[in-house]
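Undergrad: Could you look at this predicted model? Sequence included:
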2 protein chains.
Amino acid sequence: MTALPLANDSFLRACLRQPTGHTPIWLMRQAGRYLPEYRATRARAGSFMGLATSPDFATEVTLQPLELWPLDAAILFSDILTVPDAMGLGLSFSTGEGPRFAHPVRDEAAVAALRVPDLAALRYVFDAVASIRRALVTTDAGGRRVARVPLIGFSGSPWTLACYMVEGGGSDDYRLVKTMLYARPDLMHRMLDVVAQAVAAYLNAQIDAGAQAAMIFDSWGGVLADGAFQSFSLAYTRRVVQALQREKDGQRVPVIVFTKGGGPWLDEIAGCGADVVGLDWTVDLGRARAAVGNRVALQGNLDPAVLFAPPEAVAREAQAVLDRFGPPQRADGAWDGHIFNLGHGIHQLTPPEHVGALVEAVHTHSRRLRGAAAGRARE
Amino acid sequence: MTALPLANDSFLRACLRQPTGHTPIWLMRQAGRYLPEYRATRARAGSFMGLATSPDFATEVTLQPLELWPLDAAILFSDILTVPDAMGLGLSFSTGEGPRFAHPVRDEAAVAALRVPDLAALRYVFDAVASIRRALVTTDAGGRRVARVPLIGFSGSPWTLACYMVEGGGSDDYRLVKTMLYARPDLMHRMLDVVAQAVAAYLNAQIDAGAQAAMIFDSWGGVLADGAFQSFSLAYTRRVVQALQREKDGQRVPVIVFTKGGGPWLDEIAGCGADVVGLDWTVDLGRARAAVGNRVALQGNLDPAVLFAPPEAVAREAQAVLDRFGPPQRADGAWDGHIFNLGHGIHQLTPPEHVGALVEAVHTHSRRLRGAAAGRARE
């Protein structure tokens, strides 16, 4: 794939702490059930797995939110559990129940049997990445072929995948995986070691296929105790980050690490080698910016529940998030990076028109903030 | 009720940052479903409400864990939703579904109709407090009548109660209550104002009846965004704390505030007027101690999931928590307070014998820590 210029590179620039004219925005799970367009495609696909394993359908739903609003990045539509599925755990989705593994990993023999999967089993994901990249190509006003926005690839973190693999599905108490962690830390480490290798290979293959940034979702890191988080989650996320190719077609490939509930460990997460740290809404973005300094860019952190309120309230709260971060250019002239996002995936009952109000508010207010800061600097 | 001397006042002393020979321990939900004794009483009571509204049954289950292990405090057995129930919301418990309100508070009219309830409707709670105090009386080795351990009273925080009142029961996304918060902050404030008055009156009546400490469970404060937490949760917790009587029978009545997921706001919570701040397991107890200085004592913070591991692992993790806090006596001779607890209620599938191992480990290791520190001081 030749690297066409990006019509809108604000997302990549913010990831790398370079100047941008506005604060870029994308939303976790932006291609999803809250969109009627998505539900229509899902119905045609017949099942969630039918949707997720078809490069054509995955391309279609990935682009849907970009047709509706000027979002600054696309993110691969896929499931977080593709890797354990390729490891032979037997993934299925029952209606209303969420994901289930037929063969959860709960004892020494099951851990010993784990292997880094053959990436050929995940080819549908890499094909989707290449297909989405092609679908993002357009012609700009000058008749030049350009890519509209960059495409983000992703994976669950080793710890988050291990939670699903041991629990056999979602959980609200993480009893089985934490029991293994505290009773048999040796088994837990062996499992995380294999999963980390698999995740690194999986993300590198996504980058090979065309992903221009890679995001690691440590969705369940925040359920761990201080100490356990560092040993069983962050250590393996760091291994993945360090194993990733960081340049492709002469472009830096930024890595984003998002730990839901990771506020207490921001300083340590910022040191894991990622370019960007995602934050949930419990974190004060101003304090977080001061804490990470110029080590990483920050992504976040509106409470997705704000999107249930009327558009005026959405705009007000979006502005408050931007104001907490402040103008991205610092007094010394350098730029800090901020990518606007929710602090968690968008809720399936979100009114789609509220997303439009959010994108508009973020673009408008972030331009205003830059203007005001530049005005002050000129005085 | 005359104030008998306490045979074991380590809990109250630690709350007030006074010297103790060991680190006191009690467990959130220590009287509960993990105990076969509790399940037997529950079966006799016929229903959860039958259990919670009977002073005799409440006394029986409150004392059960104290018969099994040398815990350093008793906590009133009651439900967190007694106050909204007394406000006329119609509480019921369906098996496996948790609490339900027949009349959730979801619009302006429902908020306007809210009143501080007549405390007579909650008399069963105050009777239980008095009954438990009587049941805690024993005779010491010298033939003196003493109270075994102090009794803690409790309430949900205004925000936490409001979550249940708006959602109509438990929730995993807090969609309705957050929609009200962002769309109609005025309504939310009006509701919290009434609930805060009710909670303060309720806790003061528990103290009148004999509760020797008061704990405010802000179980859902941690789901709020930074900014919203301060305005909609902490501000009302503070109002409650400031309205409480803090001395009874010549004794200070300590107040404990526990916000699950409140780590990001520890500094602000420590300034709310409470004597003790409860912490969940995501917080580094050593850093928290340094952050709060000598303003408050700390309570916590073992992950309840540790209790699923074998007794040796339980002891090891309990020691790690005590070591993170460090010897409570500071270099300047003053004492910091630490009350050992879980970072959340004990899980119903916990093997009871592991609780015994925990209590033993905390008592033994905390005595050892004090001895080692004293030894170093003498050198």
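TA: Sure, I can see it. Given the structure is predicted, the values throughout are model-derived calculations rather than measurements. Numbering: from 1, shown residues only, chains lettered A, B, ... in the order given.
Undergrad: From here on, just use CA atoms for contacts and neighbour counts.
TA: Fine.
Undergrad: Just to check, A:Ala121 is in contact with A:Asp85?
TA: No: in this structure, A:Ala121 is not within contact of A:Asp85 by C-alpha atoms under 8 Å, at 9.1 Å.
Undergrad: Have a look at the two and say which one is more surrounded.
TA: A:Asp85 (19 against 14; other C-alpha atoms under 10 Å in any protein chain shown).
Undergrad: wait, that one sits on A:Pro99?
TA: No: the pair A:Asp85 and A:Pro99 does not pass the contact test of C-alpha under 8 Å, sitting 10.7 Å apart.
Undergrad: residue ranges for the helices of the stretch 51-200 of chain A, please.
TA: Counting by DSSP state H, counting those that start in this stretch, the segments of the stretch 51-200 of chain A that form helices are A:55-68, A:82-84, A:108-112, A:123-135, A:158-167, A:175-183, A:185-209.
Undergrad: In space, what's closest to A:Ser94 - neighbours in sequence excluded?
TA: Nearest residue to A:Ser94, sequence neighbours excluded (C-alpha to C-alpha, 6 or more residues apart in numbering or on different chains): A:Arg100, at 7.5 Å.
Undergrad: Next one: the one you found, what pLDDT does it get?
TA: A:Arg100 is assigned 94 on the pLDDT scale.
Undergrad: Against B:Thr20, how distant is the closest residue to A:Leu176 other than its chain neighbours?
TA: Spatial nearest neighbour of A:Leu176, excluding adjacent residues (C-alpha to C-alpha, 6+ apart): A:Glu167 at 5.8 Å. Separation of A:Glu167 from B:Thr20 (C-alpha to C-alpha, to the nearest Å): 41 Å.
Undergrad: Tell me where the model's unsure across the stretch 201-350 of chain A.
TA: Low-confidence segments of the stretch 201-350 of chain A (pLDDT under 70): none present.
Undergrad: Near chain B, which residues of it are found?
TA: Listed as neighbours of chain B in the stretch 201-350 of chain A under the rule C-alpha under 8 Å from any C-alpha of the partner chain: A:222-227, A:263-264, A:281-284, A:302-303, A:305-306, A:308-310, A:313.
Undergrad: Buried ones only from those, please, as a PyMOL command.
TA: Per 16 or more other C-alpha atoms under 10 Å in any protein chain shown, the buried members of these correspond to this PyMOL selection:
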select buried, chain A and resi 222+223+224+225+226+263+264+281+282+283+284+302+303+305+306+308+309+310+313
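Undergrad: which residue ends up closest to the midpoint of chain A in space?
TA: Chain A has A:Met215 as the residue nearest its centroid, 4.4 Å off, counting by C-alpha atoms, centre = their mean.
Undergrad: What helices and strands are in contact with the host helix or strand of that residue?
TA: Per DSSP states H and E, A:Met215 falls inside strand A:213-218. Where contact means 3 or more C-alpha pairs under 8 Å, 6 or more residues apart in numbering or on different chains; DSSP states H and E, strand A:213-218 is packed against strand A:151-156, helix A:158-167, helix A:185-209, strand A:255-259.
Undergrad: need those in JSON lines with distance to B:Leu6, can you?
TA: Compiled in JSON lines, the helices and strands packed on strand A:213-218 are given as follows (distance: least, C-alpha to C-alpha, whole Å):
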{"stretch": "strand A:151-156", "distance to B:Leu6": "53"}
{"stretch": "helix A:158-167", "distance to B:Leu6": "45"}
{"stretch": "helix A:185-209", "distance to B:Leu6": "42"}
{"stretch": "strand A:255-259", "distance to B:Leu6": "46"}
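Undergrad: Which helix runs longest in chain A?
TA: helix A:352-378 (DSSP state H).
Undergrad: pLDDT of that helix, averaged?
TA: The average pLDDT for helix A:352-378 rounds to 92.
Undergrad: got the angle between that helix and helix A:55-68?
TA: 60 degrees (axes from the mean of the first three to the mean of the last three C-alpha atoms, to 10 degrees).
Undergrad: so what does helix A:352-378 touch, helix or strand wise?
TA: helix A:311-325.
Undergrad: Quick one: residues in contact with the helix or strand just after the helix it packs on.
TA: Following helix A:311-325 in sequence order, the next helix or strand is strand A:338-339 (DSSP H and E). Strand A:338-339 is touched from outside by A:11, A:14-15, A:17, A:23-26, A:297-300, A:325, A:328, with contacts defined as C-alpha atoms under 8 Å, 6 or more residues apart in numbering or on different chains.
Undergrad: okay, those residues in CSV with neighbour count and secondary structure next?
TA: Putting the contacts of strand A:338-339 into CSV (neighbours: other C-alpha atoms under 10 Å in any protein chain shown; DSSP: H, G, I helix; E, B strand; the rest coil) gives the following:
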residue, neighbour count, secondary structure
A:Phe11, 30, helix
A:Ala14, 28, helix
A:Cys15, 27, helix
A:Arg17, 23, coil
A:Thr23, 25, coil
A:Pro24, 28, coil
A:Ile25, 23, strand
A:Trp26, 22, coil
A:Ala297, 25, strand
A:Leu298, 29, strand
A:Gln299, 27, strand
A:Gly300, 26, coil
A:Phe325, 20, helix
A:Pro328, 25, coil
